[in-house]
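Visitor: Test case, fold it:
(chains A and B)
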Amino acid sequence: MIPPFAAICLFLALWLAMALPAAAHRLDEYLQATRLAIDMGRVDVEMDLTPGISVASNVFSWIDTNGDGRISQAEGEAYARAVLRSAVLKADGAAMPMKFEEASFPSLEEMSQGVGAIHLRATAAIPAAAPGRHQISFLNMHRPQGSVYLVNVLVPQNKRLQIGEQRRDVAQHGLTLDYTVSGDAPLDWKLTLLLGLAMAGCLFLRYGISRRRTVVGRTPRSARVPPDPLF
Amino acid sequence: MNKREWIILMALTAPALNGGVTVKVVQAANAFLATLSPAEQAKGTFAFSSGQKTGWSNLPTGIFQRNGLRFGDLKPPQREAALKLVASALSREGFQKVTDIMNGDEVLKNAGGGRTGGQPSRGIRFGLDEYYIALLGTPSASTPWMIQFGGHHLAINVTLAGESSVMTPSLPAAQPAKYTLNGQTVRPLGHENDKGFALIQALNAAQLQKAVLNYEVKDLVLGPGNDGRVIQPEGILASELDASQQAMLLDLAHEWVGILNDEAASAKMAELKANLPKTYFAWSGATKSGGLAYYRIQGPTVIIEYAPQQGDLDHIHTIYRDPTNDYGAKLIKK
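Guide: Predicted coordinates for the structure are as follows:
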């Protein structure tokens, strides 16, 4: 039995959806866009979930479980955790639990206009990868009926990580990617240049001093400036 | 010449040294500001470092609340001065594209966008009155400032710093993608569509295998709200294209780059050309003209996406970014 207030909210949402033009906004799809950020020992997962106008009331009702027309912190967190349970993250073939970090939710009105996005952030600790080739895979099976998916990996901030081949299914439910961990952190070019200049400076100084010593040592007696007789 | 005379001379010659375009844009900005009352000036101007910089969207009024001066609230001379300012920062073709996008939104409004059964929808408004202009910082030929102009399906962010100007991030979009105005067929993003298809059709089988993604991309990946994010590039490297195909790729990118004034666009195109060996072209969807397709151009200093929305060829979103220089980040550091 749907609580009366929830029924009113659902009716309002449906009315809003019907009253809006079939233009400009997402309509009957639930867009689920995921970005993965890989670092040494962790993967950050960010998801933007945007329900279209005609599915907004459904999505809202999944989250607003007590039907009071608002998404409480507990309801939001419960939904975010449910989304994460529908997704699987694997590192080198082993499933890694994703830890919920934070989530934000739009109002019913925003959602009903097809523009309110749910933002969800989670993180997964993965074993510290040894140098060499590794693999991360992510699969999102949250509400597959009527959903469209995007999943991408960000260029790693850590220079030791290099993303290789990426493979997705047609609908982008999932992404499997290879990446390589290099043995040593490559030197920053500015640091490399600085070190190079410092070494060149040292060599120059050393060479200059030794040359001066050599020249002084080789100067014939006759060519030397005679000591000032006054001193 | 004493120190004071030297400073005066430098101040007088600075605009000339800083390039003609910026000077013209500054003049147009000052002319626009002169048409405004103090209250209007206060409403339409922001500190350069303010959060307004990222306060843009592709969404219509009623869903996204823009700050700045609404065209519908401006008197005709003010509106004209505002458009002259926008035009001064853009190329002739770029300003035409902007105008075509805006007129398209007016067509959408007149076709019932924002109304259902003849009744206005709840607060959602389309049309020419719903474009906003804002200035961030003080118009100057030497110090950084910004013009922000946009509305439904349009976000133009031009940052000027000395003789340089950049237009990233910006979002030109279109709905309808084709309409008739004064007996003329207008396709605001027609070149972006046609040149994209021409390029993909110019690739051979081996190149297609690399360029065409084997999955669907149903929206922009780096749309509004994704400032600073760089995804791992995919597709075919431009270094694997022949000279003619590379020229086609550059010409395609120019559809976005060339919205900005010719001087700045030339500099940006030279940068893109230099970065071609590290630039990718990715395609998803039909390769036959008239089909539904998404594409992306991604290089060290550019990300361009073209994405039809929800399977609708008459509703296109695009985005133009420079991950190293959005909002003129590099210019400001100088």
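Visitor: which residues in chain B form helices?
Guide: For chain B, the helices defined by DSSP state H occupy B:3-17, B:20-34, B:38-44, B:76-89, B:92-110, B:190-202, B:205-211, B:243-257, B:262-274, B:329-333.
Visitor: helix or strand for the closest residue to residue A:175 other than its chain neighbours, which one?
Guide: Distances taken as CB to CB, 6 or more residues apart in numbering or on different chains put residue A:151 closest to residue A:175, at 4.4 Å, once the chain neighbours are dropped. C-beta: built from backbone N, CA, C; applies to glycine. Using DSSP states H and E, residue A:151 sits within strand A:147-153.
Visitor: and residue A:120, helix, strand or coil?
Guide: At residue A:120, secondary structure determined by DSSP: H, G, I helix; E, B strand; the rest coil is strand.
Visitor: Flag the shaky bits of chain A, pLDDT-wise.
Guide: Residues of chain A meeting the criterion pLDDT under 70: A:1-26, A:114, A:184-196, A:201-231.
Visitor: In it, what residue spans correspond to strands?
Guide: Ranges of strands in chain A, per DSSP state E, are A:30-39, A:42-51, A:87-91, A:94-95, A:99-104, A:118-125, A:132-140, A:147-153, A:161-168, A:174-181.
Visitor: Give me the contacts around the fourth one.
Guide: Judged by CB atoms under 8 Å, 6 or more residues apart in numbering or on different chains, the contacts made with strand A:94-95 from elsewhere in the structure are A:88-89.
Visitor: Just checking: what are the partner strands of it?
Guide: According to DSSP bridges, strand A:94-95 has the following sheet partners: strand A:87-91 (antiparallel).
Visitor: quick one: contacts of the partner strand?
Guide: Taking CB under 8 Å, 6+ apart as the rule, strand A:87-91 contacts A:34, A:43, A:45, A:95-96, A:98, A:124, A:126-127, A:129, A:134-142.
Visitor: Quick check on the residues you listed: which are buried?
Guide: Neighbour counting with 16 or more other CB atoms under 10 Å in any protein chain shown marks A:34, A:43, A:45, A:96, A:98, A:124, A:126, A:129, A:134-138, A:140, A:142 as buried within these.
Visitor: Would you mind listing the two of these that lie farthest apart?
Guide: Pairwise distances across these (CB to CB) peak at 27.4 Å, for the pair A:129 and A:142.
Visitor: Can you give me the buried ones in stretch A:161-172?
Guide: Judged by neighbour count using 16+ other CB under 10 Å, the buried positions of stretch A:161-172 are A:161, A:163, A:166, A:168, A:172.
Visitor: Residue A:108: which of the helices of chain B is closest?
Guide: helix B:92-110 (25.8 Å).
Visitor: May I see the buried residues of the closest one?
Guide: So, applying 16+ other CB under 10 Å, buried residues of helix B:92-110: B:94-95, B:97-109.
Visitor: same question for it, mean pLDDT?
Guide: Average pLDDT, helix B:92-110: 96.
Visitor: Quick one: work out the angle between it and helix B:262-274.
Guide: 100 degrees (axes from the mean of the first three to the mean of the last three CA atoms, to 10 degrees).
Visitor: For the stretch 1-150 of chain B, give me the ranges with low pLDDT.
Guide: Applying pLDDT under 70 to the stretch 1-150 of chain B flags residues B:1-19, B:114-122.
Visitor: again, 80 this time
Guide: Counting by pLDDT under 80, the stretch 1-150 of chain B has low-confidence residues at B:1-19, B:62-63, B:113-123.
Visitor: hang on, the earlier thing: any chance of the buried residues of stretch A:161-172 in JSON lines, with distance to residue B:283 too?
Guide: Compiled in JSON lines, these are given as follows (distance: CB to CB, whole Å):
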{"residue": "A:161", "distance to residue B:283": "27"}
{"residue": "A:163", "distance to residue B:283": "20"}
{"residue": "A:166", "distance to residue B:283": "15"}
{"residue": "A:168", "distance to residue B:283": "14"}
{"residue": "A:172", "distance to residue B:283": "15"}
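Visitor: Also near chain B: which of the residues you listed, exactly?
Guide: A:163, A:166, A:168, A:172 (CB under 8 Å from any CB of the partner chain).
Visitor: Columns distance to residue B:269 on top of these, output as CSV?
Guide: Formatted as CSV, these follow (distance: CB to CB, whole Å):
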residue, distance to residue B:269
A:163, 28
A:166, 29
A:168, 32
A:172, 32
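Visitor: what's residue B:259 sitting at in phi/psi?
Guide: The phi/psi pair for residue B:259 (degrees, to the nearest 10) reads phi -70, psi -40.
Visitor: can you tell me how far the closest residue to it other than its chain neighbours sits from residue B:49?
Guide: Once flanking residues are discounted, residue B:259 sits nearest to residue B:94: 3.4 Å by CB to CB, 6+ apart. Taking CB to CB, to the nearest Å as the measure, residue B:94 falls 27 Å from residue B:49.
Visitor: what residues does chain B put near chain A?
Guide: Proximity of chain B to chain A, by CB under 8 Å from any CB, involves residues B:59-60, B:63-64, B:108, B:112-116, B:119, B:121-122, B:124, B:126, B:152-153, B:175, B:213-219, B:221, B:225, B:229-232, B:234, B:309-310, B:315.
Visitor: Please list only the buried members of those.
Guide: By 16+ other CB under 10 Å, these give B:59-60, B:63-64, B:108, B:113-115, B:121, B:124, B:126, B:152-153, B:175, B:213, B:215-219, B:221, B:229-232, B:234, B:309-310, B:315 as buried.
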